[in-house]
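Participant: build the 3D model from these lines:
(chains A, B and C)
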Amino acid sequence: MGLVFWAATFTVTARAQDKNVTEEILDILKEKGQITGEQYDELRKKAKEEREKQAGKDSEFEVYWKNGIRLDSRDEQFKIKIGGRIQVDWATLNADNDIDESFPDIEGSGVEFRRARLYVSGTIYDAIEFKAQYDFAGGDSDFRDVWISLKKIPIVGSIKAGHMKEPFSLEELTSSKYLTFLERALPIVFAPSWNTGLMIHNSALNKRMTWAVGVFEDTDDFGDSFNDFNDYNLAARMTGLPWYADGGTKLLHLGLSYSHQFRDEDDTTIRYRARPECHITDERLVDTGSIAVDDLDVINPELALVYGPLSLQAEYFHSFLDSDSADDPDFNGYYLFATYFLTGEHRNYKTSGGTFDRVKPKKNFSPTKGGWGAWEIGLRYSFLDLNDEGIKGGEEDNVTACLNWYLNPNTRLMLNYVHADLEDRAGVNDGDVNIFQARFQVDF
Amino acid sequence: MGLVFWAATFTVTARAQDKNVTEEILDILKEKGQITGEQYDELRKKAKEEREKQAGKDSEFEVYWKNGIRLDSRDEQFKIKIGGRIQVDWATLNADNDIDESFPDIEGSGVEFRRARLYVSGTIYDAIEFKAQYDFAGGDSDFRDVWISLKKIPIVGSIKAGHMKEPFSLEELTSSKYLTFLERALPIVFAPSWNTGLMIHNSALNKRMTWAVGVFEDTDDFGDSFNDFNDYNLAARMTGLPWYADGGTKLLHLGLSYSHQFRDEDDTTIRYRARPECHITDERLVDTGSIAVDDLDVINPELALVYGPLSLQAEYFHSFLDSDSADDPDFNGYYLFATYFLTGEHRNYKTSGGTFDRVKPKKNFSPTKGGWGAWEIGLRYSFLDLNDEGIKGGEEDNVTACLNWYLNPNTRLMLNYVHADLEDRAGVNDGDVNIFQARFQVDF
Amino acid sequence: MGLVFWAATFTVTARAQDKNVTEEILDILKEKGQITGEQYDELRKKAKEEREKQAGKDSEFEVYWKNGIRLDSRDEQFKIKIGGRIQVDWATLNADNDIDESFPDIEGSGVEFRRARLYVSGTIYDAIEFKAQYDFAGGDSDFRDVWISLKKIPIVGSIKAGHMKEPFSLEELTSSKYLTFLERALPIVFAPSWNTGLMIHNSALNKRMTWAVGVFEDTDDFGDSFNDFNDYNLAARMTGLPWYADGGTKLLHLGLSYSHQFRDEDDTTIRYRARPECHITDERLVDTGSIAVDDLDVINPELALVYGPLSLQAEYFHSFLDSDSADDPDFNGYYLFATYFLTGEHRNYKTSGGTFDRVKPKKNFSPTKGGWGAWEIGLRYSFLDLNDEGIKGGEEDNVTACLNWYLNPNTRLMLNYVHADLEDRAGVNDGDVNIFQARFQVDF
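Facilitator: Presented below is the predicted three-dimensional model:
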């Protein structure tokens, strides 16, 4: 009896790999003489067909929602995402300056689709990653991440080629979907942003550190450049988490980015200028005009702290211009902000990228079930100094207050009040601008 | 025996919630001593795993075709659609006027992709609806419904923000996929069409009524406007079904739309002009030129009747211009048409929107199975009067005959003959234009 | 006993259509008295529900990866594909000519997204096929196959309307995804390529032959044309496989294409010119300038041989211009190339289209499992003569060497070295250009 028991157990175990329960029931029915050998053979064949049809092809996708539309193949070789984002903005701008025609004509109000993107991205054959994302805002098809990447390469991690952001600045690299304020802070003008090139990047020390380094051609919004050979950029970034506790609800992020930009032959100038943290105007309060340069360096230390619902973030930027024929001006800027979730959530951090990630409300907004989503308030101070060595592009500081309503992980309503203050720009009177702006955003 | 029977029935019923048939068979086999307790435990565990793997995640999508590609999550929180439309047109235009160079140079022939759209739309987290649709015809990315909406709000129904059609006119609001004729009727020039704004809309009385009201900025094809604050539109529409019988195969639709358009400061003019119900020409037979206005009102009563395969539809439009500095001209127009399905189908009506919907052939076209789809004939008369108070933009009437072949719910071939007659336009001889045009359309 | 056996077998067979194994097990258990009639009825009902839920709607899709994302409905009425391609190129060009300002200013280097496409295509209701593909490279939305097709039509096969390639030339009709070299050969300038029109096409003799014939309007990149009626193209192509062995690893392809192009009234000229098989320059080494023509004919014989890893391909093009007012120049060109797979794969041939298809590595590249993909080397010679009857557009020949790395069926890295040699162009010194270019490509 013990032997029979053992044999039965063994049988069940041995068969576990290639039979399902229905097939095993057939075995038992045959063993007990409830079915004939012919019935058994016939039904086993049919059951095998049913099982195989059920299992489907190895490359069959499970299609599901997880912060977006996802398709994962059962063999995990293929993972595809299809999605996009909509950001519709409304703003009203009001200048409060010594009445003077020299001041930028910034008054008015309007609506704008700030971003209107669609993308397909994914991993194929386990080894290749790609993203093809286009932004249709404004009517053309701006490239916004169109790249191919080799994954799982020893030491270097990923080798990515195509159109992507240069690895520089926490605020710049954090997706516009997850920004706390409508617009990035003033000194983000120093970040090289999207270009076409080659980058290697990886994380280390159990994802407590990330590093990335790349070489890029300075390209247009469609990733193209027919420039001369010598005009390219280098960028590098390293981040670390000296403190990371309670599943990421408490952390300290430190980072350092560096950019070297060659400006040779055809494209021998640089121009720094900035809108007053509002995109529904083409006027720039500060503007250096074109400056002749041979090359330039930008350094950018980063700092961020998350302590439950409270977070702090700050960055400093310093640009060193180098020119044979002129003085070498330096420009700089910085920002710092604090935010607090009234409803207890925290800013999410993405350890693989060293950037901030999607906020997930504790209870989603639902008019039928009564949830009210997450609510966040914040305050930012940003400063940009474009005056040096005879260049008088102006000094600007902005104070921004925000109220964000996260209806669910993919939808939010944002309100910003910006007070922008311009000083010391050549030929322009000092003055203030008051901006009230709102954004309704969904990503899918 | 009765008790055993009762117990057995009870057992089956009680278990119905958490076991599938295979699991219940295992119970029976154990009960009958056909399997050992060990076999039973092993197989029950395995069967449960199989069942759970089968059920999948709650947010897993069922992907299926229903007039398009649909992804519905099992928990009904997420419903996504991915699709688009292609309309490829061919036309030949022939002017028959007193030979005179004053007449628009409208002769010729050509092909055009009238619409070439892709979209992703859906409901997420049960509470938010969105649509992101872009039209690539002509090479740019025109916005054609890019909005976010809060659903299920008490009383107001939905609150929609973004780029959408202003609620005005049955013909304007009926999707171009479902139009009976290739082009909307002449007086549709009075409809404000797509703009960026905020709208609330709902249905009432068991979907026998709909209402919508919105405020909009007058925007470009990409939903953007940097105009002054005072330039905006109000629009409202209300529809009702005094008669709705036999599942919608018989109905009477009444509607009334109203539009108020402020034209202040930067944009102080209005211009009405119309192509002769053919898009493969840029010539307009009637044209008021620019008229200075402060603001204007348009009213638009709607009427439609469906009586099985027969349908009638008519609308009247009247625009009242208001200007401080000039006379206040009024313009108006109307159209009416009748259509008949030779194959017995009827025009479908969408009660939630108060518009017409997709036609479904009784038998789809199939070269292998022999179906021939649905066939519809129709006749339309439309009229537009752009002459008043010294403005002589001209009077035009068009007579259009159509033959529509619906191969299946998503594919159709349309043939239109248009006779357009121009009279009484300043500086232009009276004359006629004969147009023959065809469209092949698929939506997916 | 024999009768019982027969009956049992028969029963199993008869039931096979509408029961699954679990349902049949229930039958057996009832037959053997293991379950009561009540249990049986209850469980049969439940099993039927499970089976039907499982089977799902007829129109439910199986979603899986097969060289791309595919959705096939279980009833095979609907088959949808969603995908795209990314090609990111880098090139450096170096002229080696008698130093002279007459030579095109072709020196330099750059990056370019050569193609950046997204598409949705499919078959719906078994009878209609469509494709909607747009190329976002350069920022606009070029149409690249936007058509609707009636399938399975007796004799003619498919009737396709919309934007598509005219049926002309093996190299032109082979998708850019599967080209052996980065750019098509010089004489491809004679191919009419994409236009909007109507085409019928079919295969014959067990797919050993294909034929296609179409009429097209000469359109812009967005498929539109408002040209005069008399300006259109005719194109026809026929291909055959006199030898097709070992599952397509050995074959001989012969083809002949013919194009007639009317050039009347508005568009009375033709201009032939060519880049030196590199797209990261706008300079053309050869250029006829505009030539007045009434109409023109192009003939194009094709030849291709696959013998395992080795393949040969060659085409000749001859264009006959016809003009009332001038001499009638003829232009011609040809190319031939050989390629060899170092890793033993072969070029795939698509019998339904008479073109080349996707290469599938024997072992995909995997940094974790050690595969290295497929490696191919090739050499091409191409020649274009644009000199005749007083036209001196120049003669060019190019020699190109390639190394292709196919990481998997959907990803490849391509390296090309091109030596282009210009002779005998009016007003331009003879000279050479050396080009080194690379492409990283993924399609999904």
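
Participant: got the phi/psi numbers for A:Ser175?
Facilitator: Main-chain torsions, A:Ser175, degrees, to the nearest 10: phi -60, psi 140.

Participant: same question, A:Ile188
Facilitator: Dihedral angles (degrees, to the nearest 10) for A:Ile188: phi -60, psi -10.

Participant: that one contacts A:Glu171, doesn't it?
Facilitator: Yes - here A:Ile188 reaches A:Glu171: they are 6.0 Å apart, a contact under C-beta atoms under 8 Å. In short, each C-beta sits where N, CA and C put it, glycine included.

Participant: chain neighbours aside, what residue packs nearest to the residue of the stretch 201-350 of chain A found nearest chain B?
Facilitator: At 6.5 Å from chain B, A:Ile280 is the closest residue in the stretch 201-350 of chain A, using C-beta to the nearest C-beta. Closest residue in space to A:Ile280, ignoring its immediate chain neighbours: A:Ala91 at 4.0 Å, by C-beta to C-beta, 6 or more residues apart in numbering or on different chains.

Participant: still on that earlier bit, tell me the contacts of the residue of the stretch 201-350 of chain A closest to chain B?
Facilitator: A:Ile280 sits next to A:89-91, A:93, A:109-112, A:437, B:226 when contact means C-beta atoms under 8 Å, 6 or more residues apart in numbering or on different chains.

Participant: circling back: who's more crowded, A:Ile188 and A:Glu171?
Facilitator: A:Glu171 (25 against 22; other C-beta atoms under 10 Å in any protein chain shown).

Participant: what about that one, which SS state?
Facilitator: Secondary structure assignment for A:Glu171 (DSSP: H, G, I helix; E, B strand; the rest coil): helix.

Participant: ditto for the one 10 residues further on
Facilitator: At A:Phe181, secondary structure determined by three-state DSSP is coil.

Participant: for stretch A:200-215, C-alpha coordinates in PDB please.
Facilitator: C-alpha atoms of stretch A:200-215 as PDB (Å, rounded to 0.1, in the frame of the first residue of the first chain):
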ATOM      1  CA  ILE A 200      25.700  53.900 -22.500                       C
ATOM      2  CA  HIS A 201      24.000  53.800 -19.100                       C
ATOM      3  CA  ASN A 202      23.600  51.400 -16.200                       C
ATOM      4  CA  SER A 203      22.800  51.300 -12.500                       C
ATOM      5  CA  ALA A 204      25.100  49.900  -9.800                       C
ATOM      6  CA  LEU A 205      25.300  48.900  -6.200                       C
ATOM      7  CA  ASN A 206      21.800  47.300  -6.100                       C
ATOM      8  CA  LYS A 207      20.300  50.300  -8.000                       C
ATOM      9  CA  ARG A 208      21.600  52.800  -5.400                       C
ATOM     10  CA  MET A 209      23.600  54.400  -8.100                       C
ATOM     11  CA  THR A 210      23.200  55.200 -11.800                       C
ATOM     12  CA  TRP A 211      25.600  56.500 -14.400                       C
ATOM     13  CA  ALA A 212      25.300  57.500 -18.100                       C
ATOM     14  CA  VAL A 213      27.600  59.000 -20.600                       C
ATOM     15  CA  GLY A 214      26.900  59.800 -24.300                       C
ATOM     16  CA  VAL A 215      28.100  61.600 -27.400                       C
END
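
Participant: ok, that stretch near chain C or not?
Facilitator: No - Stretch A:200-215 lies apart from chain C when judged by C-beta under 8 Å from any C-beta of the partner chain; the minimum separation is 11.1 Å.

Participant: what lies in contact with that stretch?
Facilitator: Stretch A:200-215 is contacted by residues A:155-160, A:164, A:166-167, A:197-199, A:232-241, A:244, A:351-354 when judged by C-beta under 8 Å, 6+ apart.

Participant: hmm, 7 Å instead?
Facilitator: Taking contacts as C-beta atoms under 7 Å, 6 or more residues apart in numbering or on different chains, the residues outside stretch A:200-215 that touch it are A:156-159, A:166-167, A:197-199, A:232, A:234-241, A:244, A:351-354.

Participant: re the thing from before, tally of neighbours for the residue nearest to A:Ile280?
Facilitator: A:Ala91 has 22 nearby residues by other C-beta under 10 Å.

Participant: averaged pLDDT, the one helix or strand it maps to. What do you get?
Facilitator: Per DSSP states H and E, A:Ala91 falls inside strand A:79-97. Strand A:79-97 carries an average pLDDT of 94.

Participant: how far is it from where the chain is centred?
Facilitator: Relative to the centre of its chain, strand A:79-97 is centred 15 Å away, using C-alpha atoms, centre = their mean, to the nearest Å.

Participant: much appreciated, bye for now.
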